[in-house]
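Fold the stuff below for me.
(chains A and B)
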Amino acid sequence: MKLNTKDLLSAGLFIAFAVVGLWLNQDHNLGTARRMGPGYMPMLTFWLLIGLGSFVLVSGLFNGPDPLTKWSSAEIGFLIAGGVVGVAAGMIAARIPGFPSAGWNALGIGLFVGCLVAAIPPGWRALFLPSAAFTLFGLVLEPLGFLVAITVTVICAALADKEHLERPLGVVGLIAFLCALCWGIFIRYLDIRVPLWPQL
Amino acid sequence: MDLLANLAHGFGVALTFNNLLFCLIGCIIGTAIGVLPGIGPVATISLLLPITFGQPATTAIIMLAGIYYGAQYGGSTTAILLNLPGEVSSVVTTLEGYKMARRGRAGAALSIAALASFFAGCVSTVLVAASGPLLTSVALSFGPADYFSLMLLGLIISAVLAQGSVVKSIGMVVFGVSLGLVGTDVQTGQQRFTFGIPELSDGVGFVSIAMGMFGIAEIILNLEKPEARTVMTGKVGSLMMTREEVRRSIPAVLRGTTVGSLLGILPGGGAALASFGSYMMERKVSKGRHEFGTGAIEGVAGPEAANNAASQTSFIPLLTLGIPANAVMALMVGALIIQGIQPGPRMVEAQPDLFWGLIASMWLGNLMLLVINLPMIGLWVKLLAIPYRHMYPAILIFCAIGVYSLSNNVFDVYQTVFFGLFGYLCSKLRLEPAPMLIGFVLGPMMEEHLRRAMLLSRGDVMVFVQRPISATMLAIGAIALIAMVLPNIRKGKDKALQE
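Residues are numbered from 1 along each chain as shown, chains lettered A, B, ... in the order given. This is a model prediction of the structure:
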């Protein structure tokens, strides 16, 4: 057997997405071919996706080998841990009154914590630290303002690159430059409605 | 002449101070990201989309278009001087261009790259202007069934031309179409797949998908691989070309412009495909073909003309039929829709300012780029001194602020993170994001046309084969699919895309 892991996983992704979609689509009226209801087109596309997925699945059994990048056990472990801890953190945050449960904050907290946990093994840092940084921006922007949000996001993102750790002054310079630039473009020129300073 | 009057109107629009300024800004940004490896036009345009919303539609599109064709100019600079393609579309320029630089003809290679781009830009501008009204009048006679088949054809070809497995690319197209169906159903008002999340009732955020899958996923992938930066050692030398070089370049430029213009119009085509196509052609037919591999000037002139021609003619299907030919054009559709303009055949009539203004601005932009690029080449090369570790936090911040400012909602920020992670997964599984984005944009329109066509035909599927236009489209699509199943043609395509 020459298994093509990439194709098998792609097929799995397509089929899983389509099956979930078809299941959710039960809520929608299909209508007839002449008068299509809201569920008709989704039904067509999901079945098509299942068909394509099956094709990729079958051909993936033979056209390999095309293995994925090797993951260490720590990478796999922390990926799963990140997922579990992230979901847990999000659910806990949703129960805490005040900031953690307001708006989309619980989602953001869950995503941020999950990304941080997954970023513990060095192999995942390039993937999860920028993602964590991006999430952090969303969490911090409204309560702490534009400038703080830029600062913490840049710091978090900078951790993904080893050279930044050796030269922290460069990061400080980058923060100052980006704060000035973004203030000029977004606040001064485009006048977007965000708090500049922390909202106490 | 109607055309002349329209063009005069277009120049009137493009020559206003604001539009001229944003055309220049677009060209400068385009050149900069063209020079810089690690950030391409798709990421940049999705990053700047939110910034353009406050501007009039015409100004926004003029600037975004400038980024796209500007990147074609900039990409050649680093390809020639450093053997480092700034864009996918200038990968082939490294083959002959860098060899020319090694022989001490860097200046000549840069000159011909810029001049060939300029010439191709002028020709394709005329092409867009001439074919626009023509195609529009054809498109106005299209019924819903014809439209559906046309979009289907566009999606099939964009999947067929994408890199890698065709079936997986079609899968991504269908995936994109399904994702496009999330939100309120237009006809019944029913919420579909929204999980009760109010933010999803307008559909999944287009900007979030584009930024996540092209912006953030790109950053992650760039961070994963070690940074390879070479320092330029040689001198640029004289920008003047010898008489012999000029004589050899002219036919190559003409061929490149033709190939590029044709491949640009094709769905799934665009600058990258065009430069590959032109390179293959030059290697076969040009007089200097025996010199290929040692720095043949035809190998720079042809592809550089082709990628610029294609970047402009790929606007034709968008402006006349409302169908995006590639990921950049899908972003343009997004920009237009958010501005409240439905792309389609009525756009030329309903938005003359936009259509003719854009065309005039393309010509002006090419002129600006010639000036920006040739005399200031040293300045652009200095940009390469910026290490990627300083660039990526800036890109992240710009994405984050941009996506938040869309509707002042952090939900969009988290959505973008999700698509960033998904984009990373896709690249690991060799699933192409571009067909998905095109499918996402076309999905809702296809559903609309399908419903209308079936209503008119009283539920008879045969309508798609009975109407001649629709039948032709479906036949071409079927042929393209069958061709890909044949092993010989598929091998040829894989070879062409790999080189």
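
Give the full set of residues in contact with the spatially most central residue of chain B.
For chain B, the residue whose C-alpha lies nearest the mean C-alpha position (CA atoms, centre = their mean) is residue B:328; its distance is 3.9 Å. The contact partners of residue B:328, by CB atoms under 8 Å, 6 or more residues apart in numbering or on different chains, come to B:41-42, B:45, B:68, B:270, B:311, B:314. Any C-beta I mention is one placed from the backbone N, CA and C, and that applies to glycine too.

Relative to chain B, how far out is the residue lying farthest from the centre of chain A?
The centre of chain A is farthest from one residue, residue A:34, which by CA atoms, centre = their mean lies 39.7 Å away. Counting by CB to the nearest CB, to the nearest Å, the separation of residue A:34 from chain B is 3 Å.

any idea how far that residue is from residue B:144?
According to CB to CB, to the nearest Å, residue A:34 stands 13 Å off from residue B:144.

Which positions in the stretch 151-300 of chain B make contact with chain A?
Within the stretch 151-300 of chain B, the positions lying close to chain A (CB under 8 Å from any CB of the partner chain) are B:165, B:167-168, B:170-171, B:174-175, B:177-178, B:181, B:185, B:187-188, B:190, B:192-193, B:216, B:219-220, B:223-224.

Buried only: go through the residues you listed for me.
Among these, the ones that count as buried by 16 or more other CB atoms under 10 Å in any protein chain shown are B:165, B:167-168, B:170-171, B:174-175, B:177-178, B:181, B:185, B:192-193, B:216, B:219-220, B:223.

thinking again about what came up before, quick one: what helix or strand has the residue nearest to the centre of chain B in it?
In the assignment (DSSP states H and E), residue B:328 maps to helix B:327-338.

Restricting to C-alpha, output that helix in PDB.
What follows is helix B:327-338 as a C-alpha-only set of coordinates in PDB (Å, rounded to 0.1, in the frame of the first residue of the first chain):
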ATOM      1  CA  ALA B 327      -7.600  35.400  -6.000                       C
ATOM      2  CA  VAL B 328      -6.700  39.000  -6.500                       C
ATOM      3  CA  MET B 329      -9.800  39.600  -8.600                       C
ATOM      4  CA  ALA B 330     -11.900  37.800  -6.000                       C
ATOM      5  CA  LEU B 331     -10.600  40.400  -3.500                       C
ATOM      6  CA  MET B 332     -11.700  43.100  -6.000                       C
ATOM      7  CA  VAL B 333     -15.200  41.600  -6.000                       C
ATOM      8  CA  GLY B 334     -15.200  41.800  -2.300                       C
ATOM      9  CA  ALA B 335     -14.100  45.400  -2.400                       C
ATOM     10  CA  LEU B 336     -16.800  46.300  -4.900                       C
ATOM     11  CA  ILE B 337     -19.600  44.500  -3.000                       C
ATOM     12  CA  ILE B 338     -18.700  46.100   0.300                       C
END
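
Show me the residue at the heart of chain A, geometrically.
By CA atoms, centre = their mean, the most central residue of chain A is residue A:131, 6.4 Å off.

Is it in contact with residue B:417, as I believe?
Yes: between residue A:131 and residue B:417 there is a contact under CB atoms under 8 Å: 5.2 Å.
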